[in-house]
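**Student:** Show me how the following folds:
(chains A and B, ligands or ions: 1)
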Amino acid sequence: MTAITESNGLWESMYQGRAAFVRYWAYIGLILGAVGLAVFGGDGYTENGYIFQLVGQDGVMWLGTGALLGAGLAIGASTLRPEMVNGYIPKTMVSWLDGAALMIALMGLLTLLEPTAAQVSYKDQSNLFAGHVIMTMNVLFLFSAICYIAYLFAPESFIGSMATAAAWGGVYAGGSSLLLRWYESYLFLGGEIGHAPVSNIYEVFILLFCIVTIIYLQWEKRYEAKAMGAFVMALVAAGVFFGIWLDSVGQAEIKPLVPALQSYWMKIHVPMNFVGYGSFAVACGAGMAYLTRMWLEARNSNMVRVFPSLEQLDQLAYKSVAVGFPAFTLATILGAAWAAEAWGGYWSWDPKETWALIVWLVYGAYLHVRISHGWHGKTLAWWTVIAFLVTVFCFLGVNMYLSGLHSYGRLS
Amino acid sequence: MPAMSKTTDYLKPILLRLGSMSLAITLLTVLALASVIGTVLLQNQDQADYLQQFGPIWYWVFRSLGLFDMYHTWWFLSLLGFLMLSLSVCLYRNVPRFLKEMRGSKVALSDSAMKHMKHSRHWDLKGQSAENVLSVAKERLKEWRIREEQRGDVSYIRADKGKYHKWGYILVHSAMLVVLTGGWISVQFGFRGNMQVPVGSQESEISFLKSTSVAYKEMPFEVHCNDFSIDFYPNGMPKEFKSNLTIIDHGKEVIKDRDIIVNEPLYYKGVRIYQASFGDGGSNIHLKLLKLDGSGEIDSAEAHVYTSYKDKTNGVTLELTDFRPHNVENMAEIGDPKDFQDLGPSVDFIMRGPGLKPVKIRSFMNAFELNGDNRGSFIQVSFSGDTKDFQSVALGLDMSDPQEWKLLQRFLIHLADDNVKNKQKANMQAFKAAMDDVFGKGKRPDNFQAMAMRVLQAAQVIPRLPWPYIPVLDDYDQKYYTGLQLAKDPGMNVVWTGSALLVMGLCIMLYVSHRKLWLIVRRKGNDLSISFVGLSNRNQLNFEHEFNEILSSMNDDMQQLEKGDAV
Ligand code: HEM
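**Tutor:** Next comes the predicted model:
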């Protein structure tokens, strides 16, 4: 979101000073309004009803009041103490929140292209619109991967910008397509099966692409690590092909949720897990870039100049793990909390749980190895790559080869 | 006291080893590898299955290593214990050191330490007072925690940020101890087991798996199941399982008529009661027995699921094992989009009798319809007794219609009368005669062509069945049992506390880096030799940025001073 905006003066001013400060607090008010609605408003929070409350009259009231209050307070406060507007958090957060708002707006626009409820049926979901948006995302991500790889051979800034722009485009297409699927899940069977778009492997894959790309783009923006994109986006591209295959075998359909998954925990646990997986994928990309650079150096290749330094790549891999590790830890804990609530025990040594533990131990060992002397560079680069293979097994292999309670992602 | 120092002499290297990082890494890796085994080898299955799968030798090897219940073996638990020990030693060794370091570390910096700093910069200023430089620098570093020290000609300023980084280490590692302790409490003092309560009855005992056998435990209360129901999505998939329960404690109804569903348990006396499964709670089943002795009679039988019905005349017993009100199956061809249909109620039973091979049969109540056509009733038959081996047998007739059964009987009789060579013609004639017998001469029901097809098919199949009769589900009075899971877990809150500490600690440890800067001003007569060095223990990229920013403003300051402007 900010990569595109930085070049432009008007845009820039949007992310600084009072404009950003007031917007930030308006967003916070909006979010608090949504929480308030869930806790105090209407009939309280219900799994299925809340989303309708949000877009109904109650929702407009609560969210609107929250946003106005937040903005009002921010205007007041910044008038009294102008130096407040230079806080670090609003400046970094507001672009994320803007991005989220834009995505929701995009989804809203796209719903206009949807067929009416009468024109779709559960058995034939082919004329739903999200499929087209997902196809757009696929194309953008593939194009972006190609540009990033081309950039290694022809480091023209034009190719680089195209790669970045396509990656951002892919993120927006992916994010809004997921929201659109959420909307679509209410279109048939009388709205009874509506659920958040994180319930099957196809949907979480789209989420995964977006998270990986966003994390990578942050690194690119801050550390000018463009050559790394070739590796990260190649991983995403491989995922895109897997997603297309899933679609072709009928895994892309919207299906009802089994009773065990009807819980608000799903909406927290699953995305959090994918922040973890996504960061580990980026770390793997950095590791691969590191190994490639070493290989190129050994052959005195010219291409080395495009790459960030070994030191930098090593640090980026570590930074990615440092994002992923706490997120993954939290996700595992949230999963345990859900298990405790849904089936009576926080830990059952279910294969998925055990593999999450294995992944966690592998990255925990990575962090330790890093501090204990001597282990840097090449070994750790290999570690990130192999640890990511373990991660892939955890979120794909377990569902395919091992049985257990987490059968929601089972490929049939 | 030489003896005492001897023991500490012995202990010290052991403690060093136990608290070392390489041991930590080894432990984490070994635990990860061990955990893999438990996921590849299915845990807590039937012993006979294992024996069959691995053969006697490997079975005994695996069994003696406890691999079939691996996470509870002594060696796996010892690994966890060892991890706890290592964590404790590691904390014991490091915490005092870290606390001391956080409280007050040295301000001055030795020359050799300075040489090792990755980030450093040097200035020489002529004719400046050290105080001036120091105060300018302090202004620049006002967001940092600053301490000063003077040693002879040398002044030191030390600036710190993120000093409490080490708390991250303390939190993370003690949190692990807390989580593991919580887990231990759960295992020692908690329980988890299942209970099946038929609708209208009550139960107070749970059963659970203890290593490889089943154990029981009495609860301090009784659970009465008032009702159980399943809600379905319009496409036939289950949407909600709901039990209505009453808890009875010493004869008193303490919780009355409370609904529980999956994900929303009930809580009483420290025990959580979860909706876990359901099954048949002894439904009353009414069967039609269509006799195959040529008499064409239809007997009836009544029994509850889990009981047997015995026919005294021929010694055949039917042991009813299950009843299902819905059988949702995917009716699509392989490769086509899924098409779920409810085939209606079914009953499972095992038929045994003199001279009969025991057989498991699933009998459906409704005839099978495909695209609106009545294709007649069908049953599923398994000679192994395993539902996996069920084979569908189309009976041809719609058994729910007694007239069709009669028609078949008459048809068979008429067919036997005729000795005509032309088979088709014989069929035709026999069917006509049968029709006249059943419906009256010349009268035909609307759908008699389809009926003819069914009767012809049935005439192929039914006379060949080896049984004295075909049992067909006729009517039922359904009763569910609700499968509850009851769990008490006194360690749970300890685990949550540990988890919260863990996440907090991780965030501090990974996102707060301890950054240190030193400004060293050395007086050499009238001149000043100034060094500015920095160090961060994490997040080097950001630190480089931060250091360079301060450095460039520092550089400006120094140039200004050089020019003689007061800042
Ligand atoms: C399950 C157990 C453990 C977990 C989850 C864990 C986690 C961590 C993490 C995340 C770090 C920070 C790495 C970084 O800053 O990049 C760390 C550092 C460290 N760990 Fe562990 N650890 C565990 C067990 C142990 C054990 C058993 C020991 C000792 C034998 C140990 C000793 C250390 C030490 C000495 C540090 C460095 C602290 C510092 O200087 O900042 N850890 N640990």
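**Student:** where do the helices sit along the stretch 101-250 of chain A?
**Tutor:** For the stretch 101-250 of chain A, helices defined by DSSP state H, counting those that start in this stretch occupy the ranges A:130-153, A:157-184, A:201-223, A:228-248.
**Student:** got the contact list for the shortest one?
**Tutor:** Contact partners of helix A:228-248, identified using CB atoms under 8 Å, 6 or more residues apart in numbering or on different chains, comprise A:131, A:134, A:138, A:141-142, A:144-145, A:148-149, A:151-152, A:163-164, A:167, A:170, A:201-202, A:205-206, A:208-209, A:212-213, A:216, A:219-220, A:252, A:281-282, A:284-286, A:288-289, A:292, A:308, A:313, A:316, A:411. Just so you know, the C-beta spots here come from the backbone N, C-alpha and C atoms, and that holds for glycine as well.
**Student:** the inter-axis angle of that helix versus helix A:157-184?
**Tutor:** Computed with axes from the mean of the first three to the mean of the last three CA atoms, to 10 degrees, the direction of helix A:228-248 lies at 30 degrees from that of helix A:157-184.
**Student:** Would you mind listing where the stretch 251-400 of chain A has pLDDT under the threshold?
**Tutor:** The model of the stretch 251-400 of chain A has pLDDT under 70 over residues A:373-375.
**Student:** Direction included, what does the lengthiest strand in chain B pair against?
**Tutor:** If you go by DSSP state E, chain B has its longest strand at strand B:213-232. Strand pairing for strand B:213-232, determined by DSSP bridges: strand B:202-210 (antiparallel), strand B:238-249 (antiparallel).
**Student:** The helices of the stretch 101-250 of chain A: which one's closest to residue B:311?
**Tutor:** Nearest to residue B:311, of all these, is helix A:201-223, at 51.8 Å by CB to CB.
**Student:** And the closest one, what does it pack against?
**Tutor:** Applying 3 or more CB pairs under 8 Å, 6 or more residues apart in numbering or on different chains; DSSP states H and E, one finds that helix A:201-223 makes contact with helix A:2-5, helix A:130-153, helix A:157-184, helix A:228-248, helix A:264-298, helix A:310-343.
**Student:** can you do 6 Å?
**Tutor:** Counting contacts by 3 or more CB pairs under 6 Å, 6 or more residues apart in numbering or on different chains; DSSP states H and E, helix A:201-223 is packed against helix A:157-184, helix A:228-248, helix A:264-298.
**Student:** Redo those helices as CSV? Include distance to residue B:492.
**Tutor:** Shown next, in CSV, are the helices and strands packed on helix A:201-223 (distance: least, CB to CB, whole Å):
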stretch, distance to residue B:492
helix A:157-184, 32
helix A:228-248, 37
helix A:264-298, 15
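**Student:** Of all these, which one comes closest to residue A:371?
**Tutor:** Among the helices and strands packed on helix A:201-223, helix A:264-298 comes nearest to residue A:371, with 16.5 Å by CB to CB.
**Student:** Next, count neighbours for residue B:552.
**Tutor:** Look at residue B:552: counted by other CB atoms under 10 Å in any protein chain shown, it has 11 neighbours.
**Student:** Hmm, I typed the wrong one, I wanted residue A:148.
**Tutor:** With other CB under 10 Å as criterion, residue A:148 counts 29.
**Student:** can you check residue B:85 too?
**Tutor:** Neighbour count for residue B:85, taken as other CB under 10 Å: 16.
**Student:** Quick one: distance of the host helix or strand of it to the chain centre.
**Tutor:** Counting by DSSP states H and E, the element that carries residue B:85 is helix B:74-103. Centroid displacement of helix B:74-103 relative to its chain, using CA atoms, centre = their mean, to the nearest Å, is 31 Å.
**Student:** Nearest spatial neighbour of whichever residue of chain A sits closest to chain B, chain-adjacent residues omitted?
**Tutor:** Among all residues of chain A, residue A:344 sits closest to chain B, at 3.6 Å; criterion: CB to the nearest CB. Nearest residue to residue A:344 in three dimensions, chain neighbours excluded: residue B:487, at 3.6 Å (CB to CB, 6 or more residues apart in numbering or on different chains).
**Student:** again, but for residue A:397
**Tutor:** Residue A:397 sits nearest to residue A:355 (CB to CB, 6+ apart), 8.0 Å away.
**Student:** To which secondary structure element type does residue B:43 belong?
**Tutor:** Secondary structure state of residue B:43, per DSSP: H, G, I helix; E, B strand; the rest coil, is coil.
**Student:** Tell me the predicted confidence for it.
**Tutor:** In this model, residue B:43 is scored at 75, pLDDT.
**Student:** And it, how close does it get to residue B:238?
**Tutor:** Per CB to CB, to the nearest Å, residue B:43 is found 27 Å from residue B:238.
**Student:** Please identify which of those two sits among more neighbours.
**Tutor:** Counted by other CB under 10 Å, residue B:43 and residue B:238 do not tie: residue B:43 has more neighbours, with 19 against 16.
**Student:** What does that one show for phi and psi?
**Tutor:** Main-chain dihedrals, residue B:43, degrees, to the nearest 10: phi -90, psi 150.
**Student:** returning to that earlier point: if I've got this straight, the residue nearest to residue A:344 is in a strand?
**Tutor:** Yes - assigned with three-state DSSP, residue B:487 falls within a strand.
**Student:** what's the burial count for it?
**Tutor:** The number of residues packed near residue B:487 is 24, by other CB under 10 Å.
**Student:** contacting residues around it?
**Tutor:** By CB atoms under 6 Å, 6 or more residues apart in numbering or on different chains, the contact set of residue B:487 is A:344, B:192, B:272.
**Student:** let's see it at 8 Å
**Tutor:** Applying CB under 8 Å, 6+ apart, we find residue B:487 in contact with A:344-345, B:190-193, B:271-272, B:274.
**Student:** Report pLDDT for residue A:403.
**Tutor:** Turning to residue A:403, the model gives it a pLDDT of 56.
**Student:** go on, residue B:9?
**Tutor:** Residue-level pLDDT assigned to residue B:9 equals 73.
**Student:** count of neighbours near it?
**Tutor:** 10.
**Student:** Only the buried residues of stretch A:388-399, if you could.
**Tutor:** A:388, A:390-395, A:397-399 (16 or more other CB atoms under 10 Å in any protein chain shown).
**Student:** Quick check: the farthest pair among those?
**Tutor:** Based on CB to CB, the longest span within the buried residues of stretch A:388-399 runs between A:388 and A:399 and measures 17.2 Å.
**Student:** follow-up on the earlier one: can you put the helices and strands packed on helix A:201-223 in CSV and add distance to residue B:79 and mean neighbour count?
**Tutor:** What follows is the helices and strands packed on helix A:201-223, written out as CSV (distance: least, CB to CB, whole Å; neighbours: other CB atoms under 10 Å in any protein chain shown):
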stretch, distance to residue B:79, mean neighbour count
helix A:157-184, 41, 21
helix A:228-248, 34, 20
helix A:264-298, 24, 22
